[in-house]
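In: I would like to see how this sequence folds:
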Amino acid sequence: MGDITFALRGGEAWRSPWADYRRLRDESPVHFVPAASDKTDFHVLSLFSDVFRAVRDTETFSSAQGLTPNDDAMTMFDAGQEPIVMMDPPNHTAMRRLVGKQMTPRRVSHIEDAVGAFVDACLDRVADAGDSPVDIVELLFKPLPSFVVAHYLGVPSETRANFDEWTNAIVAANAEGSFESAMDATMALLDFAGELIERKKVEPGEDLVTDLVEVGEDVVSVGWIVGFVFTMVTGGNDTMTGMLGGSTELLTDRRDQRRLLLDRPELLTDAVEELLRLTSPVQNLARTTTRDVEIRGVTIPAGEKVLLLYGSANRDERAFGGDADKFDIRRDIDKMLSLGYGAHHCLGASAARLQARVALGRLLERFPDFEVDAAEGRFAPGGFVRRYESLPLTT
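Out: This is a model prediction of the structure:
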């Protein structure tokens, strides 16, 4: 057990972490990682039952000190601008209630036609390429979530080109762990968020920024709304890109499951759940203990960072059976961790499922024999989100 080491991944190291995860689960499920560089000591939880318990116990496993195993995880945020994902109940609950009404499954269904039209336009470019390979990430999997985030924020159509440019730069910098490389884009987006807030005061719309503006500054400050816009950009883009890229790889590898979907398209809803489980775009996030806690005979002291290894938990044989690594559309999944759980269940879960269902459904419908070349795909840097930043596809 002593020779097991854990390090945050990035780039090519994301290609196949599954065997290492299995070894952690089997031999060191509560794994200690000593401090290195800018990180503090932390423990890693890899079993589904342990991670599932931690995400629900917000009193013991707090998000308020940041979601990474860094000492300075919160220093980039001014007081009052803390992202909603870095709040604990009851503050988190109150803020979530303010923005949640736009993200219910019923409300999200209203954008299905717009998402379908956007996907079709992107796939038209795939068709134009004929037999030549295209980068499906660049053509569809990256622009689609940006389109959806812009819609929910109420970004005017005439400024969406700039919005997309800033979004791409910030997401890339986030993956690399340095916002300095996108400082201009970051400042431009924050300035834009301030301008968007002022615009919504006089031209309200059916969007999240309008909802927050109408609550009033005595409840939600302008600074917090700016922080919320930034959180939507950084949290709603690369995660969806990762899920879609990983899904096309699985559909290329498992032709039997693809055949099932082609013969029975109604299975796509279940397939999306299984694909979310296996791709686990957010592979891990951290919490901070508020008290000493004992897990499997290991005492984790108060104030310690604990990394919740979602990508491992979602493939835990103890929770999903001996074939947990296998893509099986018919698998009965009653709970998983790809979209969080409990208080921190992903606000955009319904929008994520809609994007996956429409994008993958249209791709299969129009190009039933598509293939992606995973060996030629390139993974993005960054230790938390596993995603292809380029992935060749042929039809």
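In: what helix or strand is the residue nearest the centre of the chain on?
Out: Residue closest to the average C-alpha location in the chain (Cα atoms, centre = their mean): residue 239, at 3.1 Å. Assigned by DSSP states H and E, residue 239 falls within helix 238-253.
In: Buried residues in that helix, which are they?
Out: By neighbour count on 16 or more other Cβ atoms under 10 Å, the buried set for helix 238-253 is 238-251. The way it works is simple: take the backbone N, C-alpha and C, and place the C-beta from them, glycine included.
In: For the stretch 101-250 of the chain, give me the ranges with low pLDDT.
Out: Across the stretch 101-250 of the chain, the ranges flagged by pLDDT under 70 are 171-183.
In: Tell me which stretches of it form strands.
Out: 134-135 (DSSP state E, counting those that start in this stretch).
In: mind listing the helices for it?
Out: Under the criterion DSSP state H, counting those that start in this stretch, the stretch 101-250 of the chain contains helices at 105-108, 112-128, 136, 143-153, 160-176, 183-202, 208-215, 222-236, 238-253.
In: thinking in terms of the whole chain, how far from its middle is stretch 250-262?
Out: In this view, stretch 250-262 has its centroid 24 Å away from the chain centroid, taken as Cα atoms, centre = their mean, to the nearest Å.
In: do the same with stretch 218-226
Out: Relative to its chain's centre, stretch 218-226 lies at 24 Å (Cα atoms, centre = their mean).
In: cool, stretch 311-329 as well?
Out: 19 Å.
In: quick one, phi psi at residue 332?
Out: Note on residue 332: backbone dihedrals following degrees, to the nearest 10 are phi -90, psi 110.
In: Need the per-residue pLDDT for it.
Out: Confidence at residue 332, expressed as pLDDT, is 92.
In: Can you give me the neighbour number for it?
Out: By other Cβ atoms under 10 Å, the residues close to residue 332 number 9.
In: same check, this time on residue 199
Out: For residue 199, the neighbour count with other Cβ under 10 Å is 17.
In: Chain neighbours aside, what residue packs nearest to it?
Out: Nearest residue to residue 199, sequence neighbours excluded (Cβ to Cβ, 6 or more residues apart in numbering): residue 156, at 7.6 Å.
In: From what I see, residue 364 and residue 258 are in contact.
Out: Yes. With contacts counted by Cβ atoms under 8 Å, residue 364 reaches residue 258, the gap being 7.2 Å.
In: Quick check: neighbours shared by these two?
Out: By Cβ atoms under 8 Å, 6 or more residues apart in numbering, residue 364 and residue 258 have these common neighbours: residue 251.
In: Can you give me the distance of the residue of the chain positioned farthest from its centre to residue 218?
Out: Distance from the C-alpha centroid of the chain peaks at residue 202, with 32.7 Å (Cα atoms, centre = their mean). For residue 202, the distance to residue 218 equals 19 Å [Cβ to Cβ, to the nearest Å].
In: List the contacts of the residue lying closest to residue 387 once chain neighbours are set aside.
Out: In space, and not counting its chain neighbours, residue 387 is closest to residue 242: 3.1 Å by Cβ to Cβ, 6+ apart. By Cβ under 8 Å, 6+ apart, the residues touching residue 242 are 279, 281, 385, 386, 387, 388.
In: Kindly recompute the last result at 10 Å.
Out: 14, 137, 141, 145, 279-283, 379-380, 385-389 (Cβ atoms under 10 Å, 6 or more residues apart in numbering).
In: just residue 281 next, same as before
Out: Residue 281 sits in contact with 238-246, 310-311, 338-339, 352, 384-387, where contact means Cβ under 10 Å, 6+ apart.
In: cool, residue 210 as well?
Out: 102, 153, 154, 196, 197, 199, 200, 201, 203, 204.
In: So which of those residues wins on neighbours?
Out: Highest count within those by other Cβ under 10 Å belongs to residue 196, 24 neighbours.
In: isn't it right up against residue 153?
Out: Yes. Contact criterion Cβ atoms under 10 Å: residue 196 and residue 153 qualify, at 7.1 Å.
In: list residues touching both of the two?
Out: Jointly contacting residue 196 and residue 153 under the rule Cβ under 10 Å, 6+ apart are 163, 207, 209, 210, 229.
In: Throw the residues you listed into CSV and include distance to residue 96, thanks.
Out: Shown next, in CSV, are these (distance: Cβ to Cβ, whole Å):
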residue, distance to residue 96
163, 24
207, 17
209, 16
210, 17
229, 16
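In: wait, which of those is closest to residue 272?
Out: residue 207 (25.2 Å; Cβ to Cβ).
In: count of neighbours near residue 234?
Out: The number of residues packed near residue 234 is 23, by other Cβ under 10 Å.
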